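Engineer: please find the sequence and the predicted model below.
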Amino acid sequence: MSTKNKSLFICLTPLQTLIAKKIIEKHQLSYDVLCLSYNENEKFNYYFHLIGEKSDHFYRYVVKSVGKFGRFVELLKFKKFIKNNLKKNTYENVFFASVDNIFCHLVLSLTGKTNIYTFDDGTANIFKGSIFFKNKESSQLQVLISKFVGNSYDLQMVKSETKLHYTIYPMMDNIVKNTQALSIFDNSTHVSDKVIKIYLGQPLENFNMKDTSKIFEYLKLNSISNYFPHPREIKKEEGFHYLETPLIFEDYIILLLKDGYFVEIYTVLSSVALNLVNTKNVKAFILLESQLIPHYQDLYNLFHDVGCKIEKI
């Protein structure tokens, strides 16, 4: 890969910015960055600023539309944004993770011929049941909208044209066969003379659980009082110490490791645990809830295969 010509990085999440920064550091790239998001919050702003501060040009676009018609209008606005900011044939390489995202596809369509490099977007890259692995046909309406706004890409084209995929899950099959392992964590050995237990939260209502009390009873019974909340969690459980920080979970854990902690992570089904399971002085526990087994057996199998401990509650 040439390091003399300009690259464009498209990031949609804090995790994507972490991986993108490692690629940039690895190749000493000159780059612009486009940060896309569907909302604005403290964590997004923090990580987007981090990747943007060393870029040649930083662009931010927040998708605010809802509904099919609203999204169509948004794509037209985004097309104008791209034409006004990202000059055609400027970039030799484009790096991004959200391979199914139409906004990313539109960038590829409007910026001219380029080399496509992809990187992981979490477990969607290794979970065989994810949208990234499925050859789902677009509806006629989706095809018409794509044509009208000038988009010529789709998921399958991105995968087939990707020159190299950077992965943080080197032992697992990925959506692109040509992969290169990339560690986003400092795996140097730190003295771990103290243990900290943390529950990694999720919006459990998304799982349609009738009763979540067993989960929190288990946590209290096992003295797991530290609670790292998910941004979409609204309700606060009593009896827990909530960890408030602008950092995403991965970065928060790395700071604890540097401070000499051995970290035990407990979660129901958060894919973030997969990003840390092979990090030294970290052990990940997946709480096996009987209500969830019929719907998420494949996901439990994935957690088991990568080295997480399945804990029946």
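Structural biologist: Cool, the structure landed.
Engineer: in which helix or strand does residue 25 reside?
Structural biologist: Residue 25 belongs to helix 14-27 when elements are defined using DSSP states H and E.
Engineer: residues in contact with that helix?
Structural biologist: Residues outside helix 14-27 that contact it (C-beta atoms under 8 Å, 6 or more residues apart in numbering): 1, 3, 9, 11, 29, 31, 33, 35, 43-44, 46-48, 50-51, 54, 95-98, 117, 119-122, 166, 168, 182-184, 248, 250-251, 275. Just so you know, the C-beta spots here come from the backbone N, C-alpha and C atoms, and that holds for glycine as well.
Engineer: again, only this time at 7 Å
Structural biologist: Helix 14-27 is contacted by residues 1, 3, 9, 11, 31, 43-44, 47-48, 50-51, 95, 97, 119-122, 166, 168, 182, 184, 248, 250 when judged by C-beta atoms under 7 Å, 6 or more residues apart in numbering.
Engineer: how about the helix or strand bottoming out on mean pLDDT in the chain: buried residues?
Structural biologist: Ranked by mean pLDDT, DSSP states H and E, the helix or strand of the chain with the weakest confidence is helix 140-149, at a mean of 79. Using 16 or more other C-beta atoms under 10 Å as the test for burial, helix 140-149 gives 145-146, 149.
Engineer: assign residue 71 to helix, strand or coil.
Structural biologist: Following DSSP: H, G, I helix; E, B strand; the rest coil, we place residue 71 in the helix state.
Engineer: can you pull the contacts of the closest residue to it other than its chain neighbours?
Structural biologist: What sits nearest to residue 71 in space, not counting adjacent residues and going by C-beta to C-beta, 6 or more residues apart in numbering, is residue 65, at 5.0 Å. Going by C-beta under 7 Å, 6+ apart, residue 65 touches 71, 73-74.
Engineer: which one (most neighbours) among the residues you listed?
Structural biologist: residue 74 (19 neighbours; other C-beta atoms under 10 Å).
Engineer: could you give the number of residues near the closest residue to residue 178 other than its chain neighbours?
Structural biologist: Excluding the flanking residues, the one nearest residue 178 by C-beta to C-beta, 6+ apart is residue 164, at 5.5 Å. Residues lying near residue 164 (other C-beta under 10 Å) number 16.
Engineer: would you agree residue 164 is in contact with residue 180?
Structural biologist: Yes: counting by C-beta atoms under 7 Å, residue 164 does reach residue 180; the two are 5.9 Å apart.
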